[in-house]
Structure formats: structure tokens, C-alpha cells
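Peer 1: Starting from these lines, generate the structure:
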Amino acid sequence: MNTHEPGAVPAPVARSLMFVPGHKRPMVEKALAMASLDVAILDLEDGAPPAQKDAARSVLADALARDGGARPARFVRANAVASAHFASDIAAIVGPGLRAIVLPKVDGVADVAAAEEIVSGRERDAGLAVGSVRFVVSVESALGLLNAYAIATASPRIAGVLFGAEDYANDLGLPADRQGEASRLLHARASVVVAATAARVPAYDGIWPDIRDAAGLRRDSALGRQLGFSGKSLIHPGQIDAINEAFSPSEADLEAARNVVAAFETAEARGDGAAALDGSLVDRPIVERARRVLRASEPAR
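Peer 2: Got it, this is the predicted structure:
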């Protein structure tokens, strides 16, 4: 059943979301001290080898138990809901320090419902309000893409949709060295944005895997922003600044937005429903986009 009312619970928006191997304590500590990073996704899934899952849970339990600052927000990517690891992950990580759980490989609403039941039980055991821990659902397969809107509206806990580009490419049978359209994945990325927007939650783009290719990262981040993503996941600290820049309004963007708002407000004050600015029509939808740009420049909460 679709239980989510779009927009009912404000969802935090992030630009940069970095995966951090959960079993590597020094890397976890370093990530949690990065003020430029919006979200640290402490990883119990692919980032933690099978033999290191218990060690990773211990590291993350310690890290989450300590009081952290506002930045970066602390998310944890658990193992898949249907895996033998999920319940143990939740027992270790759910507590006051956890902002959200990234649910990987979500193919349908049943995955969200199963996670909801387990997490709600743990919240009660931990003395937390049921529903206080948010979910970011990761769409990583063709089936997940087809079900993206249903997934994004499956629970009021959902605070975003993350596109798992590499797993999605694997599901499609694409080559390891993806080029051209296989690299851009325009249809899938745009579809994730549409589903998340319809559900009134942010959409987060997949990683740029080549940490040596700074130019490629900038191009791919710019494309993600053009498609409508709010931010992008990453795998290396050296990618943070480029991603933050790509998903933040430039000074030119802000100046143009201020001019649009000012022109419309002047027209509105004299009783007009639209304005002309530099030869172009400015009506309400354009003004709302400009105001959104200005809001995006405000400090993250």
C-alpha cells in the first residue's frame, strides 16, 4: 500500500554523499571529521567484506554512539533487507546518532515494508520514537527502476532515492568499461529523478568510479544536476569539492534568480501576473524555480 503523503515530512537535501568502508576505523573517523562533506554513508554492504561484517558493525556502533556535529550527517548503508545480515546491522546501528539508513538493492515495496518492521522494533528497543530513523532507498536494478515511484512512496520514512549506477549497469549486462550512452545512463537517471520528484523527496546520483578523472567527474556531476538530481554519491574525499560546486548555485545563478524574483515582485505589486525581463517573459513557474535556486544557497540545516 502507498502510505507516503508526498511532502508530508521534509527530507534533508545533500550535495555530497561519500561511501566509507565500515570496517576501516581510521577512514570512518576521518570521514566524520570532514566539514565539507554533507553525508558520510558508513558502509556495511559492499564496502565491508563478508569476513569483516561483525568488525564493521562494532566500528560503526562506536562511531554512532559518540555525539557528532551537524556535518557530515551520518547515514549507514545496511546489507540488503533479504540478506542474513540485515537484522544484525539494524541491531548494531539504530540509535540517536543515526540520521538515515541506506537500503540497497530495493526492487519493490515489499523490501521497504520488511525493513520498516525490523527497524521499528529496534527503535522501540532503543527508546527512540518509531519513524525517527529515515530511509534512503537505492534503485539498482531494472525491476527497481520500474517500481521507483512505488518504492519512493512506500513509507513516510523515505528521505531520498539513490541511483546505484554500477549495480544497475551490471543488471543490464553492460561492459565493465562503460562508454557513451552506457556511461551516461540517461534514461535510468532521468527516471529516478522523475520518480523521486513525484514522491517529493530528493534524488541522488550514482558515483563517478574513476577517481583519477577529475574532468570526467565534473562533466558527470554537471549532467546529474541538469537532469534534476539534488546531489551525488562518491567514493573518495578528492571528489567532494567538485561535487559540492556542481550541486550548488553559482554566483551567476544567484544573480539571475534575484533579478527574476525582483522583476516579478515589482510586476505583482502593480497588479500584473507576469513581468518582462531582458526581453523574456517571467511568470509564476519561472519565479518559483528562481526562488528554489535562492533557497538552495541557504546554509544546510
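
Peer 1: so what pLDDT did residue 212 get?
Peer 2: With respect to pLDDT, residue 212 scores 95.

Peer 1: Let me know the helix or strand that the most centrally placed residue in the chain is in.
Peer 2: Centroid-nearest residue in the chain: residue 204, 3.9 Å away (criterion: CA atoms, centre = their mean). Using DSSP states H and E, residue 204 maps to strand 203-205.

Peer 1: Surely residue 134 touches residue 156?
Peer 2: No: at 9.3 Å, residue 134 and residue 156 do not qualify as touching, with contact defined as CB atoms under 8 Å. In this view, the C-beta of every residue, glycine as well, is placed from N, C-alpha and C.

Peer 1: Of these two, which one has the most company?
Peer 2: residue 134 (23 against 15; other CB atoms under 10 Å).

Peer 1: avg pLDDT for stretch 104-119?
Peer 2: 98.

Peer 1: Then stretch 27-39?
Peer 2: Stretch 27-39 comes out at a mean pLDDT of 95.

Peer 1: what's the spacing between that stretch and its chain's center?
Peer 2: Taking CA atoms, centre = their mean, to the nearest Å, one finds the center of stretch 27-39 at 16 Å from the center of the full chain.

Peer 1: number of nearby residues for residue 72?
Peer 2: 26.

Peer 1: let me fix that: residue 180
Peer 2: 6.

Peer 1: do the one 4 residues further on as well
Peer 2: Per other CB under 10 Å, the neighbour tally for residue 184 reads 16.

Peer 1: I'd say it and residue 224 touch.
Peer 2: No: using CB under 8 Å, residue 184 is not in contact with residue 224; the gap is 10.0 Å.

Peer 1: How far does the helix or strand just after the strand holding residue 204 sit from its chain's centre?
Peer 2: Going down the chain from strand 203-205, the next helix or strand is helix 214-227, by DSSP H and E. Taking CA atoms, centre = their mean, one finds helix 214-227 lying 16 Å from the centre of the chain it belongs to.

Peer 1: cool, and stretch 51-66?
Peer 2: 22 Å.

Peer 1: residues in contact with it?
Peer 2: Residues outside stretch 51-66 that contact it (CB atoms under 8 Å, 6 or more residues apart in numbering): 21-25, 28-29, 32, 42-44, 48, 74, 76, 79, 85, 88-89, 92-93, 95, 97-98.

Peer 1: which residues of this protein fall in strands?
Peer 2: Secondary structure of the chain, counting by DSSP state E: strands at 16-21, 39-43, 73-77, 100-103, 134-139, 158-163, 203-205, 231-234, 275-277, 280-282.

Peer 1: Can I get those in JSON lines including distance to residue 122?
Peer 2: Converted to JSON lines, these look like this (distance: least, CB to CB, whole Å):
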{"stretch": "strand 16-21", "distance to residue 122": "22"}
{"stretch": "strand 39-43", "distance to residue 122": "17"}
{"stretch": "strand 73-77", "distance to residue 122": "12"}
{"stretch": "strand 100-103", "distance to residue 122": "10"}
{"stretch": "strand 134-139", "distance to residue 122": "13"}
{"stretch": "strand 158-163", "distance to residue 122": "18"}
{"stretch": "strand 203-205", "distance to residue 122": "24"}
{"stretch": "strand 231-234", "distance to residue 122": "25"}
{"stretch": "strand 275-277", "distance to residue 122": "53"}
{"stretch": "strand 280-282", "distance to residue 122": "50"}
